[in-house]
Structures are given as C-alpha cells and as structure tokens.
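Trainee: Mind folding the following:
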Amino acid sequence: MIYSERLAEIKIEPLNEVMRESIQDKLNNKTKPLGSLGQIEQIALRIGMIQNTLTPTLSKPQVFVFAGDHGVCEEGVSAFPQAVTQQMVANFLAGGAAISVLARQHSMSLGIVDAGINGDVADLPGLQNRKINHGSRNFVKELAITSGDVVLALEAGADVINAASHEGGKVVLLGEMGIGNTTSAAALTHFVTGAPLAQCVGAGTGLDAAGIAHKLAVIEKGLAQHKAFLDGAEKDAVRLLSAFGGYEIAMMTGAYLQAASHKMVVLVDGFIASAALAVATLINPLVLDYCLFSHGSAEHGHGALLKYFKRTPILQLGMRLGEGSGSAMAYPLLVSAVNILNEMASFDEAGVSASDR
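Mentor: Predicted coordinates:
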C-alpha cells in the first residue's frame, strides 16, 4: 500500500541467501566445535547477511530516542504525570539518563528527537525538532492522530535516518520516551499480532494490579470507539497508528523502514520499539530481516511481539525502561560476534585438527 511518494521511495532489498551459506561455512571452520558459541554465531550470521559480506563492521553506532506525548494519559493510565516526558528529554540532553550513560560508555552518538512533546522545548540545546503536533489525542474519545499526520510522522522518522546515513553509520538503535506509550503499544500489539488484549497490557511505568486492570478497560473503550474505523483494515498501518498511535511510535515506524533500505543493522529495544516495528512490517515485511532483538522486556506484551516475529532476544535481564537502554546493553555482544567472525582463526590457519564427525 502506497501512503505517499516519499514513503514509496523507501525500497528494502531481500537478504542475499547465497551469502548465508558462505558465512555459515566460515563460522563452522573456526577453531571451536560446531555451534558452540550459540547465539553469538547467529548474530554474526545476521550482521554478515545484512551487510552482504564475510567481513562486516559496526562503525559509528547511532542511537535515536523519539519523544512524544499521549492524550490517553487523561484516562489515568500511567503512574507518572505527562510532564515527565519533557523533563526526561531535558535529562537525556543533559547526559543524566540511562541511555545517556550507556551511549557514552559505548561511544555511540545520541540523537534526541521531538516527535510530538506536549510543550515548547525548542530552546533545549541539541534537540532535533521534528514536532508535528503537541502530542496525540485521547484515543478513547477520538482518533489519536489524523491520517495525514501519521504519514508526516512516518516521513519524518525516515528523514531522521536518511540524514544519519550520510554520516556513515552502519548500526542504529531506536529508543522512545512518552508517558502513556505502553497503552498505545498494547492496542497496536493486539491488532497486529492477534494476541488477546489482556496478554498485551502490562505495568508500564509501574502500575499495580488495579492500575493494570484500569488500563485494560481504557484500551477496551478505545477499541470500541474505533471499531467501525478499523473494520476490514486491521493490517493498515496508517489506520492503526491513526487510531491508537503516538507520534514517537509513528516516527520509529518510518525510521525502521528507512534504516533497512540503507542496509543498516537495526538493534530493536523493548516493548514500544517492537510495537513500532510490528507496524512497520505491515508496510514492508522485509524490514524484519534487518533487525536483531536486544532483550526480552519485562513489559507483558513484549512476549506476544517476539512470538509474532518468531525471534529470540539476545538478553533476558528483566528490563522495561525503554529509551533504547536494552539495545545499548546488548550492543557489545554484536561487536563480539563481528570480531569472532573476522578475527578468530580457522582450523587451517591455527594448525588445529578439525572434528572428524
């Protein structure tokens, strides 16, 4: 489905399956028993296929955190007030947030994007202004975002990555910040995966059992509100984002597509980031081939998404912070996988006898 000329320009190529055999053969001939490095070998294989080479590199890792507010916060679905979105963006830029610390540790560039913060933050130094509106509307009462604004957000996310690609980066980590966005992500996950809504709704910012039950009831009201709008169009990415999305989720969706078109290695974070990817697969399923999943989030709905993607996360640490923090934690394992592929000796090189089985 073509949503705009700009989005139609984003072309994603299938991975070269011939390269799979060559990379696997290279891994199999390293000085180790077959498959003994487990998932590290699968990571190396995926990265080599994405870059279509036996000697991949991970130069200039880039993190982008997309921030936006959600009108559904009016329904009391978060343990934190909406003002925290803007406050945390300032914290990101000041270097005090978890992703700020991790980006410094791993020498990653960190870009913070105003996708739709409900406030005037234009004077914050270093903030990328891609604001389309001051947050989404309350999807219990009306469409969260107009269809036209959804398309603009998809294009803006793609443009963020397009600009970054000119800096020579080969790996990108996408994060988010938005009080209330697990509520939107739960509704999107339910529609895309078909999982029961109760399996998609979790604690978010730290709700107790009663808070989770209230959040579930709020989303059910939203589903009823938009039943006619979505009838027969459950796999239409723009309609889904219009009904339940946030500006940061929509921009991440466009960013995933553009990153895959540039053959970037995409490291996917937790629940909200995966929900955005799920919507991106509705536009072009090939985007999934360019993605690695950093961790299994403790947020309830992430399991449904990983099952839908048929992918295993790299880490299981019980994290649910967002911001791209899980991806930054996993990134060093990608570096290790690439180094194993590039630098570990083969049996012939090391003069070590190979297995006779």
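
Trainee: Please count neighbours and contacts with C-alpha atoms only from this point.
Mentor: Will do.

Trainee: What ranges does the chain have for its strands?
Mentor: Ranges of strands within the chain are 62-68, 109-116, 127-129, 171-177, 265-268, 291-293, based on DSSP state E.

Trainee: Could I get the pLDDT score of residue 357?
Mentor: Per-residue pLDDT puts residue 357 at 61.

Trainee: that older thread, residue 47: which of the strands of the chain is closest?
Mentor: strand 265-268 (6.6 Å; C-alpha to C-alpha).

Trainee: How far does that closest one sit from its chain's centre?
Mentor: Its chain's C-alpha centre and that of strand 265-268 lie 7 Å apart, by C-alpha atoms, centre = their mean, to the nearest Å.

Trainee: so what does that strand touch, helix or strand wise?
Mentor: Here strand 265-268 touches helix 39-51, strand 171-177, helix 247-261, strand 291-293, helix 325-343, going by 3 or more C-alpha pairs under 8 Å, 6 or more residues apart in numbering; DSSP states H and E.

Trainee: Excluding its own residues, what touches that strand? List them.
Mentor: For strand 265-268, contacts defined as C-alpha atoms under 8 Å, 6 or more residues apart in numbering pick out 47, 50-51, 170-174, 256, 259-260, 274, 290-294, 324, 327, 331.

Trainee: Chain neighbours aside, what residue packs nearest to the residue nearest to the spatial centre of the chain?
Mentor: Of all residues in the chain, the one closest to the mean position by C-alpha atoms, centre = their mean is residue 273, 3.2 Å from it. Nearest residue to residue 273, sequence neighbours excluded (C-alpha to C-alpha, 6 or more residues apart in numbering): residue 175, at 6.5 Å.

Trainee: these two touch, right, the one you found and residue 64?
Mentor: Yes. Counting by C-alpha atoms under 8 Å, residue 175 does reach residue 64; the two are 6.0 Å apart.

Trainee: give me every residue that touches the residue nearest to residue 205 when sequence neighbours are not counted.
Mentor: Nearest non-adjacent residue to residue 205, counting by C-alpha to C-alpha, 6+ apart: residue 79, 5.7 Å away. Taking C-alpha under 8 Å, 6+ apart, we find residue 79 in contact with 205-207.

Trainee: which among the residues you listed end up buried?
Mentor: Buried members of the contacts of residue 79, counted by 16 or more other C-alpha atoms under 10 Å: 205, 207.

Trainee: Next one: residue 173 relative to residue 131, how far apart?
Mentor: Residue 173 sits 20 Å away from residue 131, going by C-alpha to C-alpha, to the nearest Å.

Trainee: The spatially closest residue to residue 340 that is not a sequence neighbour - how many residues pack around it?
Mentor: With C-alpha to C-alpha, 6+ apart as the criterion, residue 340 has its nearest non-adjacent residue at 7.9 Å, and that residue is residue 44. For residue 44, the count of nearby residues is 27 (other C-alpha atoms under 10 Å).
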